[in-house]
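> how would this look folded up:
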Amino acid sequence: MGARRERSMSDRPKRRRESPGAGADAPLPTLPCACANLRRAARAVTQLYDEALRATGLSISQFTLLQVLVIAGPVTQGGLGRILILDSTTLTRTLRPLERSGWIRRRAGKDRRERRVEMTTRGRARFRKAVPAWKRVQKRLIGGIGRRRWDALGRELSRIAALSRRG
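As a prediction, the model looks like this:
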């Protein structure tokens, strides 16, 4: 019996450790937590939209705020926060660069505490410029799951978001 040579760490073959579901085409595992699955999906979809919108100078968060203002028109900052389920601090932080760019304006409301948010002409132009990039991502996602499932997903996500409003 010959002497067994001990290998140093540098002599050992490098093993590539892959997690379950590794690889671009492998399905991701369903996690046991609804929040984890929703957040993971949200991060993935956010990355798609942000990449597509990058050339327009908007993030998907900013685009969404402008989109809500197109749909709702001028709205109080509190109302905007309720629609998007955003706390005041996060909303203010997201609105600030839009205001600096001249895409929105905030004005005093009925009392000193209320702030109304509205889109400017420049904001409408920026929004229109970004819509084609947004539509490309929408089309890709709808194509990936089909129109009926897409519409059902939108309704379900709205129901889930509404659950946070219940006591």
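> quick one: contacts for Gly81?
Listed by CB atoms under 8 Å, 6 or more residues apart in numbering, the contact set of Gly81 reads 87-88, 91. Yep, even glycine has a C-beta here, placed from its N, CA and C like the rest.
> how close does it sit to Phe63?
Here the criterion is CB to CB, to the nearest Å. By it, Gly81 lies 17 Å from Phe63.
> can you pull the pLDDT of the residue sitting nearest the centre point of the chain?
Among the residues of the chain, Thr46 comes closest to the average C-alpha position under CA atoms, centre = their mean, at 3.8 Å. What the model reports as pLDDT for Thr46 is 97.
> that one is in what secondary structure piece?
Assigned by DSSP states H and E, Thr46 belongs to helix 34-53.
> so what secondary structure elements neighbour that helix?
Contacting helix 34-53 under the criterion 3 or more CB pairs under 8 Å, 6 or more residues apart in numbering; DSSP states H and E are the following elements: helix 60-72, helix 121-145.
> contacting residues around the closest residue to Ala133 other than its chain neighbours?
Among residues not flanking Ala133 along the chain, Ala52 sits closest, at 4.4 Å (CB to CB, 6 or more residues apart in numbering). When contacts are counted by CB under 8 Å, 6+ apart, Ala52 is found next to 133-134, 136-137.
> what is the nearest of these to Arg96?
Trp134 (21.9 Å; CB to CB).
> the closest one contacts Leu48, correct?
No: distance between Trp134 and Leu48: 10.4 Å, which falls outside the contact criterion (CB atoms under 8 Å).
> tell me where the model's unsure across this protein.
In the predicted model of the chain, residues 1-24, 166-167 satisfy pLDDT under 70.
> if we go to 90?
Across the chain, the ranges flagged by pLDDT under 90 are 1-28, 30, 107-115, 161-167.
> state the number of residues packed around the closest residue in space to Leu31 that isn't next to it in sequence.
Among residues not flanking Leu31 along the chain, Asn37 sits closest, at 5.2 Å (CB to CB, 6+ apart). Asn37: 14 surrounding residues under other CB atoms under 10 Å.
> sorry, back to before: and the buried ones among the contacts of Ala52, selectable in PyMOL?
With 16 or more other CB atoms under 10 Å as the criterion, this PyMOL line picks the buried residues out of the contacts of Ala52:
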select buried, resi 133+134+137
